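>>> output the structure for:
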Amino acid sequence: MKVLLLFKPKTPAVNIQQNVIPNGLLYIGALLLSRDIDTSVLNLSDKSWEECRSIIKKENPDVVGISCYTFNRHACIKLAGIVKGIDRGIKVVFGGPHPSIMHRQLLETYKDIDAVVLNEGEMSFLEIVERLKEEKTFEDLKGVACRKDGKAIENGLRETIENLDQLPIPAEHFRYKRIITSRGCPGRCIFCDTPRLWGQKVRLRSADNVADELEMLNKKYGLSSFVMSDDTFTFDKNRTIDICREIIRRGLKITWDCRSRVNLICEERLRWMKKAGCVTVSYGIESGSQQIMDNLKKGTTAEQIKKAAELTRKYGLGLNYFIIAGSPGETDDTIRETMRLIEETRPTSIFAFVMQLMPGTEIYEKAKERNLVRDEDWIRKEDETIFYTCEKSLKELTRYVRLINELQKVFKGRFQYSEDEIKDIAEKGKGVQDLINLAHIKMRNRKPDDAEKIIDEAMQLNPGSSEAFMDKAILLAMRKDENCTDFFDKSIEKDPENLLAYRNLGLFLFREKRYNEAAGIFMKAIEIEPADTGLYNCLGSVYGIQNYYDKAREMFEKALSIEPGNKEALKNLEVTADKKRGENED
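Prediction:
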């Protein structure tokens, strides 16, 4: 029995997250491998459809599992058709958030899908494979939906896995940087499908189990930069501190980011998190308006946001906000409240986006009641995303997002840590991020020698910091020291998604006229972040200087397709056209 587990995002993906293979697929793969089932897990994000066909044909699977989200549902459906085009006898099983909720629609519309595992997929998928090995049917299995006489049927949901430590750790077989240490979320947010998929009871892996995974990824694969992708990593105070203690006890020199709720953070948590290598905490504040927070059922207040921001900055950590524009009740006034809160609390980064509708959420059901959307739209509409536009047009909502995101540019200097702030923070315990922040100030003040001494100290304090190695490389590149490439390589080795390292390495190679190498670096970066207009402009410039004008134009046009009106791309297109015209005239 050969099992093939696949992830294929939409092309092009919107952001880096949409190209990352889901942890759920890795967990299923690890479980199957632990039972001696021949299993391959493949990320097809950088593969053409013809390449996908060739890979599947070569693997010759008996069962194909496909991880499906709302954003990549059409790609998954097409992938299922490719599998069945190779061999109708291959069983195709969907899993993930979208099919867990919309399984009836998918099974009754697309005959290429044989079954759907619902919600938590490990045990259900394993049982499907075991039944097929025994040449038995699986329509009676709990946690599985399938088709009978053309109609979707299901036999109820499977009980959730209470002891998550019993699952094999995917790091035994796979390399990745995003860690899931819990399942479930205590929140009731009307835009989130987590309660429907995982429930509101939070199930926690033990501190030892989490540390085992981090240590394995660090020692086996050389990774030292991680993201704790839980909805709320800090849910349980004691466990949060225990994880930090275990990281320190094992001597793991790593850095990591996490997500939290503003009502589930405190000084003691933050103190331990910083000691254990945490560099950024992200909070889904969604809005600065209490009315909007209440409409979203956030269960948090503006005062809690201010307190969480104050404490996070007190310990010198990156303070990131996720903000939604266009929630029910959104107005110009509520957007202004959000902008005032941002100015007051000084986040070091912001990600704002328009409210999206997702199946299985309360806001989706409300939108259906108002005839904004129908279940059929997930099939009918080619657009992967459906926005909540009950009260404001998409044009207005996009304007809100632009206003919020522009605050980062307007207040960039004031939102970053000052030298005095960093010195005060360091008195409570110097961390690698404090040194990096201080070095950045020295670099902005054109004191590269001082900056390099500080970065050297940062690398000694935490040899796992990808950012410290990148900054060292940048400083060496500034004085045209070719040793910088070694430090860029080490930075990327520690964090394979460090786009700044790729970008700066590519720019150094470009300046050194190593154009083919520069092009390769920019292409690799685009694979990781296919929505970065700057990368397309960089790659286009590499092609342009080599007189590959058609290739250059293609890159600049790609940047404009992502961001219409991108000034750099427009200018580059004009320059490229002039050069090509001049060459033709000669």
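>>> what's the host helix or strand of residue 489 packed up against?
Using DSSP states H and E, residue 489 sits in helix 484-494. Applying 3 or more C-beta pairs under 8 Å, 6 or more residues apart in numbering; DSSP states H and E, we find helix 484-494 packed against helix 466-478, helix 499-511. For the C-beta atoms, the positions are set from N, CA and C on the backbone; glycine is no exception.
>>> list the contacts of that helix.
222-225, 464-467, 469-470, 472-474, 476-477, 498, 501-502, 504-505, 508-509 (C-beta atoms under 8 Å, 6 or more residues apart in numbering).
>>> which of those residues count as buried?
Burial by neighbour count, judged by 16 or more other C-beta atoms under 10 Å, picks out 223-225, 464-467, 469-470, 472-474, 476-477, 498, 501-502, 504-505, 508-509 from these.
>>> next structured bit after the helix or strand harbouring residue 215?
Assigned by DSSP H and E, residue 215 falls within helix 207-221. Scanning forward in sequence from helix 207-221 by DSSP H and E, the next helix or strand is strand 225-228.
>>> Three-state assignment for residue 200, please.
coil (DSSP: H, G, I helix; E, B strand; the rest coil).
>>> now it: phi and psi?
Main-chain torsions, residue 200, degrees, to the nearest 10: phi -90, psi -10.
>>> which ones are touching it?
184-188.
>>> try residue 152
103-104, 107-108, 145-146.
>>> make a ChimeraX selection of whichever of these turn out to be buried.
Burial among those is assessed by 16+ other C-beta under 10 Å; the matching ChimeraX selection reads:
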select :103,104,107,145,146
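>>> not counting the strand or helix carrying residue 420 itself, show me its contacts.
Using DSSP H and E, residue 420 sits within helix 419-426. Contacts of helix 419-426 with the rest of the structure, by C-beta under 8 Å, 6+ apart, involve 313-316, 417, 434, 437-438, 441.
>>> output those residues in JSON lines, with pLDDT and distance to residue 279 appended to each entry.
Shown next, in JSON lines, are these (pLDDT from 0 to 100; distance: C-beta to C-beta, whole Å):
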{"residue": "313", "pLDDT": "96", "distance to residue 279": "13"}
{"residue": "314", "pLDDT": "95", "distance to residue 279": "15"}
{"residue": "315", "pLDDT": "95", "distance to residue 279": "10"}
{"residue": "316", "pLDDT": "95", "distance to residue 279": "9"}
{"residue": "417", "pLDDT": "92", "distance to residue 279": "12"}
{"residue": "434", "pLDDT": "93", "distance to residue 279": "10"}
{"residue": "437", "pLDDT": "93", "distance to residue 279": "10"}
{"residue": "438", "pLDDT": "94", "distance to residue 279": "14"}
{"residue": "441", "pLDDT": "93", "distance to residue 279": "17"}
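>>> these in helices, which ones?
313-314, 434, 437-438, 441 (DSSP state H).
>>> now those as JSON lines including neighbour count and distance to residue 176?
Output for those, formatted as JSON lines (neighbours: other C-beta atoms under 10 Å; distance: C-beta to C-beta, whole Å):
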{"residue": "313", "neighbour count": "20", "distance to residue 176": "30"}
{"residue": "314", "neighbour count": "16", "distance to residue 176": "32"}
{"residue": "434", "neighbour count": "25", "distance to residue 176": "28"}
{"residue": "437", "neighbour count": "24", "distance to residue 176": "28"}
{"residue": "438", "neighbour count": "25", "distance to residue 176": "31"}
{"residue": "441", "neighbour count": "17", "distance to residue 176": "33"}
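>>> among the residues you listed, which pair sits farthest apart?
Using C-beta to C-beta, those reach their maximum pairwise distance at 314 and 441, which is 18.3 Å.
>>> what about the residue nearest to residue 384 when sequence neighbours are not counted, how many neighbours?
Take residue 384 and drop its neighbours on the chain: the residue closest to it by C-beta to C-beta, 6 or more residues apart in numbering is residue 71, 4.8 Å away. By the measure other C-beta atoms under 10 Å, the count of residues near residue 71 is 20.
>>> ok so, going back, quick one: distance of the helix holding residue 420 to the chain centre.
31 Å (C-alpha atoms, centre = their mean, to the nearest Å).
>>> flag every buried residue along it.
421-422, 425.
>>> these into JSON lines, with extra columns for distance to residue 167?
Formatted as JSON lines, those follow (distance: C-beta to C-beta, whole Å):
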{"residue": "421", "distance to residue 167": "42"}
{"residue": "422", "distance to residue 167": "41"}
{"residue": "425", "distance to residue 167": "38"}
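>>> looking at the residues you listed, which is nearest residue 48?
Nearest to residue 48 among those, with distances taken as C-beta to C-beta, is residue 422, at 47.5 Å.
>>> phi, psi of the nearest residue to residue 328 once chain neighbours are set aside?
Closest residue in space to residue 328, ignoring its immediate chain neighbours: residue 295 at 4.8 Å, by C-beta to C-beta, 6+ apart. Main-chain dihedrals, residue 295, degrees, to the nearest 10: phi -60, psi -30.
>>> which residues are in contact with residue 295?
190, 327-329.
>>> select from these the one having the most neighbours.
Most crowded among the contacts of residue 295, counting by other C-beta under 10 Å, is residue 327 at 26 neighbours.
>>> flag every buried residue along the longest helix anywhere in the chain.
The longest helix of the chain (DSSP H) is helix 567-585. Neighbour-count burial for helix 567-585 flags 568-569, 572-573, 576, 580 (criterion: 16+ other C-beta under 10 Å).
>>> out of these, which is nearest to residue 135?
Taking the buried residues of helix 567-585 together and measuring to residue 135 by C-beta to C-beta, the closest member is residue 569, at 56.8 Å.
>>> can you tell me the element the spatially closest residue to the closest one that is not a sequence neighbour falls in?
Spatially, and ignoring its direct neighbours in sequence, residue 569 is nearest to residue 559 (3.9 Å; C-beta to C-beta, 6+ apart). If you go by DSSP H and E, residue 559 is part of helix 549-562.
>>> pLDDT value on residue 185, please?
As predicted, residue 185 sits at a pLDDT of 89.
>>> could you check the distance from the closest residue to it other than its chain neighbours over to residue 73?
What sits nearest to residue 185 in space, not counting adjacent residues and going by C-beta to C-beta, 6+ apart, is residue 231, at 3.9 Å. Using C-beta to C-beta, to the nearest Å, residue 231 is found at 22 Å from residue 73.
>>> what comes up buried for stretch 208-224?
209-215, 217-218, 223-224.
>>> check stretch 149-156 too.
Buried, per 16+ other C-beta under 10 Å, within stretch 149-156: 152, 154.
>>> if I pick the closest residue to residue 273 other than its chain neighbours, what's in contact with it?
Spatially, and ignoring its direct neighbours in sequence, residue 273 is nearest to residue 244 (5.8 Å; C-beta to C-beta, 6+ apart). Applying C-beta under 8 Å, 6+ apart, we find residue 244 in contact with 272-273, 275-276, 278.
>>> ok, so of those residues, who is nearest residue 88?
Closest to residue 88, out of all of those and judged by C-beta to C-beta, is residue 278, at 50.2 Å.
>>> number of nearby residues for the closest one?
A count of nearby residues for residue 278, using other C-beta under 10 Å, gives 28.
>>> could I get the pLDDT score of it?
96.
>>> how far does the helix or strand of the chain with the lowest mean pLDDT sit from the chain's center?
Within the chain, no helix or strand scores below helix 412-415, which has a mean of 78 by mean pLDDT, DSSP states H and E. The chain centroid and the centroid of helix 412-415 are separated by 25 Å under C-alpha atoms, centre = their mean.
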